[in-house]
Every structure is written in structure tokens, then in C-alpha cells.
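**Q** could you work out the structure for the sequence below:
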Amino acid sequence: MEKKVTPYKDSELGKKQQVTQMFDTISGKYDGLNRVISFGIDIKWREKVVALVKNTKPATILDIATGTGDLAINMALKIDAEKITGLDISQGMLEVGKLKVSEKKLSDKIDMVIGDSEALPFEDNSFDAITVAFGVRNFEDLEKGLAEIYRVLKKGGIFVVLETSNPTKPPYKQGYNVYTKSILPIIGKLFSKDRSAYAYLSESASVFPFGEEFNNILRKIGFTNVEDKPQTFGVATIYEAYK
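**A** Okay, the predicted model is just below:
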């Protein structure tokens, strides 16, 4: 069972509203934060996601929790797809993403739309490929969100998730714990006055199901050929699945 994580302990809002508020607040500094906390390795992780999707030659792609559009832009530049839709619940993140898409002259290929991953505004069987990078742990109802993804994915379509995970082998396990509990909050404080936001990013990663546990959730939803691919000593994992 997925553990509940509350980014703001004193908030009466639900997780979905809190996460939306959090990302609206840090949207202007999110890209810089990603580069710093991952030492830039997140760029290589995203490239591996793009390669998996590219192999299936999709015409239509949905990037959920697209944020500022890093993955959507990467796919638009490297995959010969007809249309890529980037969806996010945070208007602040989307505004940053729209500016990046426009600057790269990709507005004709990428649509950036606001929407809820647990109530996707699309017809059944709409996309050849669906991706989520560092977003599934923010779903308020994980299985509901994954079921929605399954619904709008075409039969035979690929679903790729890039998400944080926890190293299980020493000394990486101990080093990761020190980094996330002691160093990451300091980095967060440097980036934003909203210290709770960065505490949430660390806490949510520590309790989210990963590896075979997440594989089994995907299988429960109906996905097949599920495979997890740990990255960089297990600090992140790429999941590949099909409908």
C-alpha cells in the first residue's frame, strides 16, 4: 500500500492541491534545482527514456507531469512524432514550459495543457506512447492515475516512467540517506524560501514504492512486459511497460 506523504504538515489542503501549490511556487527555479540535486545526471536518464520511446516509432505521445517540458522537448527534437502533448496540473510550471517550447520553435509540435493525471481529458486509446518523469510519486491516488494512463494508451503502446528510488546496497544506501536527509534540504534552502517544498521532494522519494513493488502495481492495472531498469546505483529507476 502506498504511504501518504504530506508536503506541508500544517496545511488542510489535500495532497493534490498541496503539490500543485508547491510546484507553482518553485516553477521558476525547478530546472536549476533538477540539475543541482542530480549533478546533471537526470539529463542522461531522460535520454534513456527518449530512446525507449523512439524505438516504438510513436505518432502521438503524452508526457504527464511534464512540468517545464524538458522531456517533451527532448522527445520533440529526437523522435519523428506527429504530436506531443505535455500535461501538468501546475499552471506555473506550464508557463515556464510554454516559454521554453516557444523559444525552441516547437509550438507546432508540442501542446502544453493543464490537466489532472487522475482524470485525463482525453478519449480512450488516444496515444501511442505515454511518459512520466518524476511525477507518479505526486499522484494523490497512484492506482487511479495509472488506470487513467492505461485507458488513454493505445493497445500495444509503450508506457515509460522515470522516478526516484532508493539504493539498497551499501555503501550507496548509506550515502543516499545522508544526501537526502542532510544535504538536499540545504540545497533547497538556497534555491527557495519554501523549505517545505524541498523536504517534500526528499520525503516523497523515500516512501514511494520502487522496483518490483512498483512493477506489481503496474501489472495489477493491466500493463504487460513490465521491466524496471535501476539507474546510477539505484537512485532512480526507469520502468518500461506496455498495454
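
**Q** what bits of the chain have low per-residue confidence?
**A** Along the chain, segments meeting pLDDT under 70 span 1-15, 18-40, 172, 175-176, 178-202.

**Q** if you set the cut-off to 80 instead, what comes out?
**A** 1-40, 167-206 (pLDDT under 80).

**Q** how about residues contacting the lengthiest strand in it?
**A** Criterion DSSP state E: the longest strand present in the chain is strand 153-164. Residues from elsewhere that reach strand 153-164 (C-beta atoms under 8 Å, 6 or more residues apart in numbering): 45-46, 49, 52-53, 56, 58, 71, 125-137, 149-150, 205, 208, 210, 214, 218, 223, 235-243. In short, each C-beta sits where N, CA and C put it, glycine included.

**Q** next, the buried residues of that strand.
**A** L153, K154, G157, I158, F159, V160, V161, L162, E163, T164 (16 or more other C-beta atoms under 10 Å).

**Q** could you do stretch 88-106 as well?
**A** For stretch 88-106, using 16+ other C-beta under 10 Å, the buried residues are D88, I89, S90, G92, M93, L94, V96, G97, K98, K100, V101, L106.

**Q** take these and write them to TSV, including distance to K229.
**A** Shown next, in TSV, are those (distance: C-beta to C-beta, whole Å):
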residue	distance to K229
D88	25
I89	27
S90	28
G92	31
M93	26
L94	29
V96	29
G97	26
K98	31
K100	27
V101	28
L106	28
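
**Q** ok, these vs L120, which is closest?
**A** Distance to L120, by C-beta to C-beta, is smallest for I89 among the buried residues of stretch 88-106, at 11.2 Å.

**Q** quick one, strands of this structure?
**A** Under DSSP E, the chain gives strands at 60-64, 83-88, 110-114, 127-133, 153-164, 224-231, 236-242.

**Q** compute the inter-axis angle for the fifth one and strand 224-231.
**A** Taking axes from the mean of the first three to the mean of the last three C-alpha atoms, to 10 degrees, one finds that strand 153-164 is oriented at 20 degrees with respect to strand 224-231.

**Q** send over the longest strand of the chain as PDB, restricted to the C-alpha atoms.
**A** C-alpha atoms of strand 153-164 as PDB (Å, rounded to 0.1, in the frame of the first residue of the first chain):
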ATOM      1  CA  LEU A 153      -2.800   4.400 -24.100                       C
ATOM      2  CA  LYS A 154      -3.400   2.600 -27.300                       C
ATOM      3  CA  LYS A 155      -3.200  -1.200 -27.400                       C
ATOM      4  CA  GLY A 156       0.400  -2.200 -27.900                       C
ATOM      5  CA  GLY A 157       1.500   1.300 -26.800                       C
ATOM      6  CA  ILE A 158       4.500   1.900 -24.500                       C
ATOM      7  CA  PHE A 159       4.400   3.500 -21.100                       C
ATOM      8  CA  VAL A 160       7.700   4.700 -19.600                       C
ATOM      9  CA  VAL A 161       8.200   6.000 -16.100                       C
ATOM     10  CA  LEU A 162      11.300   7.700 -14.700                       C
ATOM     11  CA  GLU A 163      11.200   8.000 -11.000                       C
ATOM     12  CA  THR A 164      13.400   8.300  -7.900                       C
END
